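**Student:** structure of the sequence below:
(2 chains)
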Amino acid sequence: MPDIVDIAVSVEGFSTLVTAVKAANLVDTLKSPGPFTVFAPTDAAFAKLPPGTITTLVQNIPQLTRILCYHVIPGRLKKADLAKFQSVGSVEGSPIDLTIDKETFEVNNATVLQADIEAENGIIHVIDTVILMRPHWFWPIMNSTLPTSAGA
Amino acid sequence: MTTTLAATKLPPSTHPFAEIVHRLEAGGSMLPDTPENLMQIIGLYKAYAVPMDFYWRDLLYIAEQVFVDPLPFFKFIIPEEYLKLANHYAGESADLRIWRGIDTAHPELLEFMEKGELKRKLPRILHHLWHDRINMEFAEECMRAMLWHRDMGGLLDPYMDSEEYKQNADRAIRAYVQGNPLLQGLYKLFPDMFMELCRQATMYSVLGLFWEVMAPVFFEMSDLYDEGKLTTVPEAMNFLVNGIFAVAGRPIYHRVRIRGEWYDIVPKSKGFTWLYEAAFPYVEAVFYRTSPFRGTKSYNAQANQVPTNQLDFHYGILYADKFPVASAGIPPTLLHQDMYHFLPQYLVDYYRQHCRGEEDMLIQLGVSFQRSMYNVTSAVIQAGRAAFLYPLDDPNPRHLMMNRRYFEGQLNRFARPEYGIREAARLTYIQDQNYR
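**Tutor:** Reported below is the predicted structural model:
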């Protein structure tokens, strides 16, 4: 069975991801036995980022590596396995939030376009948006409320 | 188009700042879109960019060469090499050439440094002692706010407590004190003090690297406005949002040069980035929190007038009372004085129309500065929305609702009743053009 890198290289629409993985010297890691679960952004996902974003990252390999590592979680986790969790820890260290039910499969603000692609050393889920680490203040902001008496 | 989408897919917001929530959902800024607001904020970006070109250079000089000097008398006397230091994001050899402008110190800055307010060429030390200079005290206040508040997200903050950081720092401090028995003795006696001075030097570096980017951004915005290419407040905000994304991955690091050799304290290889380790913590520490300035107001901590939790501090520019500016003991006065020297003529004329007295221009430019920083904060809020949530024209109502929760959560920071936060916030004030 092909590994994660073989699949990304052979399928159309992942050339930016493949270039980034090569630039970050992550090819050997993603060819190792792992196993890993990879959220793989399409070329269209990368194209949504404003101009300059990718250029700056490709110039700075440790920073690029960090963003790519945020798209990887240890273990072999299909949609059904991930559905048990509200969030999972990425290889980068920050959590990835999951929204999963029968019709929905979302990671942070990305929607999974194709789930559960099996590779020799893990699972690939194709996503439509490059995901970025949500800082620890993100959920406190989302969940903040005002006392009912508060008015502007 | 986006307005229609958000408005038709969701019921109206019931937030106290509902109008502003709807404006943000339509791709707008917290600052209303009027030509007068645009003129004020762009003029201030220009007036801020010139001293900022000094701030980042001197901050890097202090981080890299003054380092842990316990008595840094000459830290504001910047050496020539730092005035010539090439900005990574301006000039022909820039890493990313999206903003025009030169890579060395701005000509207006150099002219001011030479002649000052006195308009006379004197030795720099005399200009310095006469306070006829760019004032680094404000820049240092921002750095201290970032150091003191800590834990504002990002990986640098925990890294500064790690064994690896301490070892890197120790190696550099040992090299720094080498050959100086007095400093060696002090380091032996007070190792923690030197370690804390090193953390402070790291924060000098972080703020320097942050502002190194913002200076060319603000110059570019001013040029675009002068050329008639920036015509609305949302355009100005979106220019900032794109800038934030473009340099988001810029490395944040700290290195020290001792006797010609570089020592890494926070190596680039840690993967720390401009967005997570500098920009977000900067906005949190400087725009929202800082600390209660002496002279503005009396606080009674026993009466719970000062928050027990640093998270609730609200003494930044977004909450500042600008009217005591220029009276004694107000640190931002020095920033206002710096910006005063570089105001574009159209703003000087505008302030004269509304002048209440001699010192009033500092207050008026302070209010314009507040408007401009509400616009920068709006850009950071919209950048956060784009990075962590959904496009404004997302067809999915659940996604639009998440965007709304985020916008409302952000605006709650100006509507909370605790500690007088709601009364202090200037969000309501800046909706009115007569606030000046």
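**Student:** distance from stretch A:75-93 to the middle of the chain?
**Tutor:** 11 Å (C-alpha atoms, centre = their mean, to the nearest Å).
**Student:** equivalent analysis for stretch B:418-432, please.
**Tutor:** Distance of stretch B:418-432 from the chain centroid (C-alpha atoms, centre = their mean) equals 20 Å.
**Student:** which positions within that stretch qualify as buried?
**Tutor:** Residues B:419, B:421-422, B:424-430 are the ones in stretch B:418-432 that count as buried (16 or more other C-beta atoms under 10 Å in any protein chain shown). Where you see a C-beta, it was placed from the backbone N, CA and C, and this is true even at glycine.
**Student:** of those residues, just say which sits nearest to residue B:337.
**Tutor:** Ranking those by separation from residue B:337, with C-beta to C-beta as the measure, puts residue B:426 on top at 20.8 Å.
**Student:** number of residues surrounding residue B:287?
**Tutor:** Residues near residue B:287, counting by other C-beta atoms under 10 Å in any protein chain shown, number 20.
**Student:** I'd say it and residue B:315 touch.
**Tutor:** No: if you go by C-beta atoms under 8 Å, residue B:287 and residue B:315 don't touch, sitting 10.5 Å apart.
**Student:** just checking, residue B:231 is part of a helix?
**Tutor:** No: applying DSSP: H, G, I helix; E, B strand; the rest coil, one finds residue B:231 to be coil, outside a helix.
**Student:** and the stretch 251-400 of chain B, which residues reach chain A?
**Tutor:** When proximity is defined as C-beta under 8 Å from any C-beta of the partner chain, the stretch 251-400 of chain B approaches chain A at B:251, B:268-273, B:276, B:280, B:284, B:384, B:387-390, B:399.
**Student:** just the residues contacting stretch B:175-187, thanks.
**Tutor:** B:67-68, B:70, B:173-174, B:194, B:256, B:258-259, B:261, B:263 (C-beta atoms under 8 Å, 6 or more residues apart in numbering or on different chains).
**Student:** which ones are touching residue B:60?
**Tutor:** By C-beta under 8 Å, 6+ apart, residue B:60 lies in contact with B:82, B:85, B:204-205, B:208-209, B:212.
**Student:** can you pull the contacts of residue B:136?
**Tutor:** By C-beta under 8 Å, 6+ apart, residue B:136 lies in contact with B:54-55, B:58, B:75-76.
**Student:** closest to residue B:9 among those residues?
**Tutor:** residue B:55 (44.0 Å).
**Student:** quick one, what contacts that closest one?
**Tutor:** Residue B:55 is in contact with B:134, B:136, B:139, B:207-208, B:211, counting by C-beta under 8 Å, 6+ apart.
**Student:** still on that earlier bit, which one of the contacts of residue B:136 sits closest to residue B:29?
**Tutor:** Looking across the contacts of residue B:136 and measuring by C-beta to C-beta, the closest to residue B:29 is residue B:55, at 24.8 Å.
**Student:** give me the neighbour count for residue 46.
**Tutor:** With no chain named, the answer covers chain A. The number of residues packed near residue A:46 is 18, by other C-beta under 10 Å.
**Student:** oops, I was thinking of chain B
**Tutor:** With other C-beta under 10 Å as criterion, residue B:46 counts 22.
**Student:** swap in residue A:115?
**Tutor:** Neighbourhood size, residue A:115 [other C-beta under 10 Å]: 16.
**Student:** now it: which helix or strand?
**Tutor:** Applying DSSP states H and E as the criterion places residue A:115 in strand A:110-119.
**Student:** ditto for residue A:37
**Tutor:** Going by DSSP H and E, residue A:37 is part of strand A:36-41.
**Student:** right, and the helix or strand after that strand?
**Tutor:** Using DSSP H and E, the helix or strand that follows strand A:36-41 towards the C-terminus is helix A:43-47.
**Student:** so which bits of the helix or strand just after that next one are buried?
**Tutor:** Where DSSP H and E defines the elements, the next helix or strand beyond helix A:43-47 is helix A:53-59. By neighbour count on 16+ other C-beta under 10 Å, the buried set for helix A:53-59 is A:53-57, A:59.
**Student:** ends of stretch B:98-105, how far apart?
**Tutor:** Counting by C-alpha to C-alpha, to the nearest Å, you get 18 Å between the two ends of stretch B:98-105.
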